[in-house]
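Enquirer: Build me a model from this:
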Amino acid sequence: MTRDGSGRAPATDAAAALLGRLIERGLRHVVLSPGSRSQALALVAAELESRGLIRLHVRIDERVAGFTALGIGREDRMPAAVICTSGTAVANLLPAVLEAHHSGVPLLLLTADRPPELRGVGANQATRQPGMFSGFVRLESDLPVAEALADAIDGDEVAPFRAAADEGWDAAVGAGSRVAGPVHLNVPFREPLAGALPEWLPSSTGVVAASDPADAADETAETEWGAHYQGGGGVGAALQVAGPEPVVLAAGPRTVVVAGADAGTDAEQLAHEGGYPLIAEIVSGARFGRHLVHGYRRLLSDPELGGRVKRAVVFGHPTLSREVARLLSRADVEVLAVRGPGEQLNLNGTTVAVDGVTAPSAAADREWLGAWMRASREQIVDLSPAAPDADALSSAVPAERLGAISAELGAIRAPVDRAVLVDAVWRATWPHDRLLFGSSRLVRVADEILGGKKVPVHANRGLAGIDGTVATGLGIAAASQRGATPGVTRVLLGDLAFLHDVGALLHPPAEGEPRIQVIVGNDGGGTIFDGLEVAGIAGAEAFDRVQFTPQTARVEEIARAYGWEYRRVTTRGALDQALTSPAGGRQIIEVPLTR
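Expert: Reported below is the predicted structural model:
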């Protein structure tokens, strides 16, 4: 069917109905990759941006677009919409969909498609898009073709698209099910693929929610950041499920609180109220408080501490240590897992899933807590640069003064290793900033040695892949940076994770410059494998070839090619200066590391 006399096209009207309703529900971010079949959605999105109703982020790589939207959803806890054309464009969203599914991040996919009659007949750029993400989305829907709506698009015929928007939004945020995650709305279009914009396209938000979720997130950034998503994913057959009311813990069993990725502040609160040792991963958002256990890996391996645990209460998704996995797999440990994002924890086959946990009214086991705290103090690692000797620097004795100057210069010029790198980044980050750890060796070093600090931390630990890390960081920056003095988003990752997502460095000149530092610990390959079993099994040549995968990429030239500011630092003094004096905009800081 051709356009009617008004110049309107059913495809554009359908796109307007779908996006208009999503805006009414609270949509604020749209990430778009260009394409022909998706042009109606793209042009409507561009008009909505010009009216100030959404922030539009254009990325030519759909995989980058998916992870950018994932980062926005991670920070805002509200879904961003991804628009793309048909064919392999849709398939490139799968990595972000998998991560969103396993980590419980809300995400909306609006994928343009060929109409049903062009599927399975060899038509260009046509494949089986409905069901492409089956098993990993909270809802999937193949929408009707809009052509039949041309004669009455202003009437009830828009209802299927508005209804699809409502169903998709509710499923993405976990309404009813309490399980936030990705949603796939497949939108087939017949030609003409675009026409005049309808007069009823929204000119104001008409948001159903009480306030802009972005503003709400900004207001609570320093006090309640890290409250974990509600809900859970698939549950194992042996998993026991408690009732909907919070479980009041019985006094007595020797208990620890375990905080994995996205655990949030609830874990620290329970540890504080119940008098329990807190085992908090660096990516948990709970790594602070008086009961935080330093060096928890070694202490869990101690038969007098980890060996005597009888009960573990788990928040979030623990992934960073085998010691925690072994604890939660033990048959003699009662494990209560607070429902969170993604798949529900059940490593020992008898884990009890609960909606919440309340500390017992009885007095805490002070002997148990005290034993952990005494051992914890012995594990504290202090990597802070030594304070200058003010007396010696001002001494009239030349030898004393020169010795102090030499010591201070030595501290400033000290080379950077992994421990120094993670410590410097941790110290430079504050509640108004954001910190994203890539799935590299550095996050494990950070988890082993860093102390407590209440700062906003992100990590894609749903599947712990290295892909999409830079794009996720850019999404977090886009969602978090508002006002006159926005914080800095720091992305700490290894060289392979950086190179895996080089395409994310391409930033459209029409979009505002985020304040972001991508800190690349460059040891020339995948040194994380040096500490795994494979290093003792494979021959040196084969290990380097297929595991370590050495690389000699020139990070500086990559940065310059994509228009990023670049700094290479080799000393602690230069690193501290680079981290705490960002020039603004996009910056790559390369830190060479030895293998």
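Enquirer: Now Tyr32: phi and psi?
Expert: For the record, residue 32 is Leu, not Tyr. Note on Leu32: backbone dihedrals following degrees, to the nearest 10 are phi -130, psi 140.
Enquirer: ok, the residue nearest to it when sequence neighbours are not counted - how many residues close by?
Expert: Leaving aside its chain neighbours, Leu32 sits nearest to Ile83 (4.5 Å; criterion: C-beta to C-beta, 6 or more residues apart in numbering). Glycine gets a C-beta too; all of them are placed from N, C-alpha and C. By the criterion of other C-beta atoms under 10 Å, Ile83 has 31 neighbours.
Enquirer: Likewise for Leu299?
Expert: Per other C-beta under 10 Å, the neighbour tally for Leu299 reads 22.
Enquirer: and what of Leu43?
Expert: Using other C-beta under 10 Å, Leu43 has 18 other residues around it.
Enquirer: and the gap between it and Ala194?
Expert: Leu43 is 6 Å from Ala194, where distance means C-beta to C-beta, to the nearest Å.
Enquirer: between those two, what contacts are shared?
Expert: Thr12 (C-beta atoms under 8 Å, 6 or more residues apart in numbering).
Enquirer: just to revisit the earlier point, just checking: what are the partner strands of the helix or strand containing the residue nearest to Leu32?
Expert: When elements are assigned from DSSP states H and E, Ile83 belongs to strand 81-84. Sheet pairing for strand 81-84, assigned by DSSP bridges, gives strand 29-32 (parallel), strand 107-113 (parallel).
Enquirer: how close does Leu300 sit to Val422?
Expert: 21 Å.
Enquirer: State the three-state secondary structure for Val179.
Expert: coil (DSSP: H, G, I helix; E, B strand; the rest coil).
Enquirer: Use 414 as the first number for this chain going forward.
Expert: Done: numbering now begins at 414, and the last item shifts to Val592.
Enquirer: what about it, how many residues close to it?
Expert: 23.
Enquirer: Run a quick check on it versus Gly517, I expect a contact.
Expert: Yes: counting by C-beta atoms under 8 Å, Val592 touches Gly517, with 6.8 Å between them.
Enquirer: re the thing from before, the more surrounded of Leu713 and Val835?
Expert: Shown here are Leu713 and Val835; by other C-beta under 10 Å, Val835 has more neighbours (25 against 21).
Enquirer: who touches Leu469 in this structure?
Expert: Val443, Leu445, Ala458, Ala459, Leu461, Glu462.
Enquirer: if I pick the closest residue to it other than its chain neighbours, what's in contact with it?
Expert: Distance criterion C-beta to C-beta, 6+ apart; nearest residue to Leu469, sequence neighbours excluded, is Glu462 at 4.0 Å. Contact analysis of Glu462 by C-beta under 8 Å, 6+ apart lists Val443, Arg468, Leu469.
Enquirer: try 10 Å
Expert: Glu462 makes contacts with Val443, Leu445, Arg468, Leu469, His470, Val471, Ala923, as judged by C-beta atoms under 10 Å, 6 or more residues apart in numbering.
Enquirer: quick one: which of those residues has the most company?
Expert: Busiest of the contacts of Glu462 [other C-beta under 10 Å] is Val443, holding 30 neighbours.
Enquirer: Give me the distance between it and Ala680.
Expert: Val443 is 34 Å from Ala680, by C-beta to C-beta.
Enquirer: now Gly934: how far from Leu909?
Expert: Counting by C-beta to C-beta - Gly934 and Leu909 are separated by 10 Å.
Enquirer: what ranges do the helices span in the stretch 514-663 of the chain?
Expert: For the stretch 514-663 of the chain, the helices defined by DSSP state H, counting those that start in this stretch cover 572-586, 626-632.
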